[in-house]
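Engineer: what follows is a predicted protein model with its sequence.
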Amino acid sequence: MIRILLAEDDDVMRQYLTRALEKAGYAVTAVDRGTAALPLLAPNAFDLLLTDIVMPEMDGIELAQRAGQQAPGMRVMFITGFAAVTLRAGKAVPQAKVLSKPFHLRDLVTEIDRMFDIGSLSGHS
């Protein structure tokens, strides 16, 4: 089972994503800010960091950079409603995927499955 660390400061979005990703078969640990995610980072603790870019205290880009140091095998996907930060995220963490809000949940699941080469065998479709 893919383990996802979700960092999203919007309560409604965080709850929605957590429920939807769990329903899609992922194990999700959700926090409301980057600084809350930091102590959870450890090698092999999570397969994917799914993080909003624009958050208080620590943005998702800094979180992803720190995650890369503490858990180098973890993949990163940014979610953002701000087109201007998408380019900055791509430069700062080039291996990360960026998904712009609003997005359909099916698109998110498809992108996560692609990141892990899960395809049609997983039952996600």
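Structural biologist: The structure has been received and is ready for your questions. This structure is a prediction, so every number in the text was calculated from the model and none was measured.

Engineer: report the contact partners of Ala64.
Structural biologist: 49, 51, 76, 78, 89, 92-93, 96 (CB atoms under 8 Å, 6 or more residues apart in numbering). Bear in mind the C-beta positions are built from the backbone N, C-alpha and C, glycine included.

Engineer: distance of Leu99 from Leu50?
Structural biologist: 9 Å (CB to CB, to the nearest Å).

Engineer: need the overlap of contacts for these two.
Structural biologist: 77, 79.

Engineer: more neighbours, those two?
Structural biologist: Higher neighbour count among Leu99 and Leu50: Leu50, with 26 against 16, using other CB atoms under 10 Å.

Engineer: lowest average confidence, helix or strand, in the protein?
Structural biologist: helix 83-92 (a mean of 80; mean pLDDT, DSSP states H and E).

Engineer: circling back: which one (most neighbours) among the contacts of Ala64?
Structural biologist: The most crowded member of the contacts of Ala64, judged by other CB under 10 Å, is Thr51 (30 neighbours).

Engineer: strand partners (parallel or antiparallel) of the helix or strand hosting that residue?
Structural biologist: Following DSSP states H and E, one finds Thr51 within strand 48-52. Strand 48-52 sits in its sheet next to strand 3-7 (parallel), strand 75-80 (parallel), going by DSSP bridges.

Engineer: lowest-confidence stretch among those strands?
Structural biologist: Among the strands paired with strand 48-52, strand 75-80 has the lowest mean pLDDT, at a mean of 94.

Engineer: who's in contact with that strand?
Structural biologist: Here strand 75-80 has contacts from 8, 47-54, 60-61, 64, 67-68, 86, 89, 93, 95-101, 103, 108, 111-112, 115-116, using CB under 8 Å, 6+ apart.

Engineer: tell me what angle it forms with helix 83-92.
Structural biologist: 160 degrees (axes from the mean of the first three to the mean of the last three CA atoms, to 10 degrees).

Engineer: and strand 75-80, C-alpha only, in PDB?
Structural biologist: C-alpha atoms of strand 75-80 as PDB (Å, rounded to 0.1, in the frame of the first residue of the first chain):
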ATOM      1  CA  ARG A  75       8.500  11.100  -4.200                       C
ATOM      2  CA  VAL A  76       7.000  14.600  -4.200                       C
ATOM      3  CA  MET A  77       3.800  16.000  -5.800                       C
ATOM      4  CA  PHE A  78       2.800  19.600  -5.300                       C
ATOM      5  CA  ILE A  79      -0.800  20.800  -5.500                       C
ATOM      6  CA  THR A  80      -1.400  24.500  -5.900                       C
END
